[in-house]
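*Asks:* generate coordinates for the sequence data below:
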Amino acid sequence: MEITTKFTIATEQGRSLLATLAKEIATEKFTSLIEPQQLEDYIEKKFNDKNLIAEMNSMSNQWLVVYIRDTPVGYACITSNGRKPKNQEEARIMRIADFGILKKYNDTLIRQSLLEKCLAIGKSYDGLWIHEYKENPLVAFFESEGFVMQDETCQHEELPLSSVFLVKNKHS
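*Replies:* Alright, predicted model coming up:
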């Protein structure tokens, strides 16, 4: 299987590709967890052209897409923005703000390719953190890759879902 993970920039093609991929992954992730109108509102707010262009052009964010051959199958966003876990507020850490792979391509090698690129981006920092809804099946994957679930729980930033913080320190 030929797997590559590449940076994506805010060209028309990059934005369109990311929007399509993100909407499909969000639908797969949240359809059984929230009401259809909540999901529609979330997708419209987070992945509309104006917001996506602003997010892709932000110097705080880096967007990645993972491919099998030439087919885009997942993406991640690395950022310096977002509410950190309380015990990490003073640390120089980056956030994996979004990480998703289409269900039919959700394979260990694909997840690892995307995560390895995230880790490479964060290597000059003290670590990486993730704020993810509790029931996300990827939580177990992140834990298997050295991320540690924090004691702190809270509400997902944009959806009515209970969420957790996971942290991977540089020296762990």
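
*Asks:* can I get stretch 107-119 as CSV, trimmed to CA atoms?
*Replies:* As requested, C-alpha coordinates have been extracted for stretch 107-119 and formatted as CSV (Å, rounded to 0.1, in the frame of the first residue of the first chain):
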residue,chain,number,x,y,z
ASP,A,107,-6.0,1.2,8.9
THR,A,108,-3.1,1.2,11.4
LEU,A,109,-0.5,2.1,8.7
ILE,A,110,-2.6,5.1,7.5
ARG,A,111,-3.2,6.4,11.1
GLN,A,112,0.5,6.0,11.8
SER,A,113,1.6,7.9,8.7
LEU,A,114,-0.7,10.8,9.6
LEU,A,115,0.4,10.8,13.2
GLU,A,116,4.1,10.6,12.4
LYS,A,117,3.8,13.8,10.3
CYS,A,118,2.0,15.4,13.2
LEU,A,119,4.8,14.4,15.6
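
*Asks:* name the surrounding residues that touch it.
*Replies:* 1, 3-5, 64, 66, 68, 73-76, 78, 96, 99, 101, 128, 138, 141-142, 145, 168 (CB atoms under 8 Å, 6 or more residues apart in numbering). Every C-beta, even on glycine, is put in place using the N, C-alpha and C of the backbone.

*Asks:* any of the residues you listed buried? List them.
*Replies:* 3, 5, 64, 66, 68, 73-76, 78, 96, 99, 101, 128, 138, 141-142, 168 (16 or more other CB atoms under 10 Å).

*Asks:* in strands, which of the residues you listed fall?
*Replies:* Judged by DSSP state E, strands contain the following of the buried ones among the contacts of stretch 107-119: 3, 5, 64, 66, 68, 73-76, 78, 96, 99, 101, 128, 168.

*Asks:* and which of the residues you listed is nearest residue 43?
*Replies:* Set against residue 43, the nearest of these by CB to CB is residue 75 (14.3 Å).

*Asks:* would residue 131 count as being in a helix?
*Replies:* No - read with DSSP: H, G, I helix; E, B strand; the rest coil, residue 131 is strand and lies in no helix.
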